[in-house]
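Novice: I need the structure of the sequence given here:
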Amino acid sequence: LWILCVPVLQGENRDREKELFKSLLKNPGIISTLAAIILVLTGLNTRLPAAINITMDYLGAPTMAVAMLVAGSRIAGTGLKAVRLDAWNLLIALIRLILVPLILLVLSLLVWKAGLAGPETLLIFMLVNIVPVGVFSVSLANKYRASPELMAQSVALTHVIGAGTMLVWLLVLQKMPFFP
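Specialist: Numbering: from 1, shown residues only. Sure, this is the predicted structure:
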């Protein structure tokens, strides 16, 4: 997602996309995400020594706090504009809080019917995808100078609206056949 969204947010031209792609592959977030995916898919994550797991826990623990600080400072800096009801922010909220979960619910039902995943996996998958725009997106927008104020507004608005939509989605999920 970072690779696809950064050029759009920055308004990059086609000449710089290759350069940007290379720089994103050197990004610690990308590298650690790819490493984690490889470890999980190969099953090596269960065989790592405790010292490595503890070290990774210590290194990863502050990321949420830092992301919250960056997002909070941007939201505070925008003042009352933080919860802005313009067409762009409402479109982001509609896509993130309604359209994405709806598409993924249909996908989850298809996966359930095909017997490709258990109920816990599908429920976790859906719970992760009904939440508002993540605060880390503000940090990424800040790093790549890609409208951090707009991202802060999107985070604030989707969190306000998300309080209601998450409740509705939880009620919908309780009616699904994969709900335990």
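
Novice: so how far is whatever helix or strand residue 40 lives in off the chain centroid?
Specialist: Residue 40 is part of helix 28-42, with elements assigned from DSSP states H and E. Counting by C-alpha atoms, centre = their mean, to the nearest Å, helix 28-42 is centred 16 Å from the centre of its parent chain.

Novice: and what of stretch 33-43?
Specialist: Distance, stretch centre to chain centre, for stretch 33-43: 18 Å (C-alpha atoms, centre = their mean).

Novice: Let me know the average pLDDT across it.
Specialist: The predicted model assigns stretch 33-43 a mean pLDDT of 83.

Novice: Output that stretch as CSV, nothing but the C-alphas.
Specialist: Provided in CSV are the C-alpha atoms of stretch 33-43 (Å, rounded to 0.1, in the frame of the first residue of the first chain):
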residue,chain,number,x,y,z
THR,A,33,6.9,-6.2,7.1
LEU,A,34,8.4,-8.4,4.3
ALA,A,35,10.6,-10.2,6.8
ALA,A,36,7.6,-10.9,9.1
ILE,A,37,5.5,-12.2,6.2
ILE,A,38,8.4,-14.5,5.2
LEU,A,39,8.8,-15.7,8.8
VAL,A,40,5.1,-16.5,9.2
LEU,A,41,4.7,-18.2,5.8
THR,A,42,7.7,-20.4,6.4
GLY,A,43,6.8,-21.2,10.0
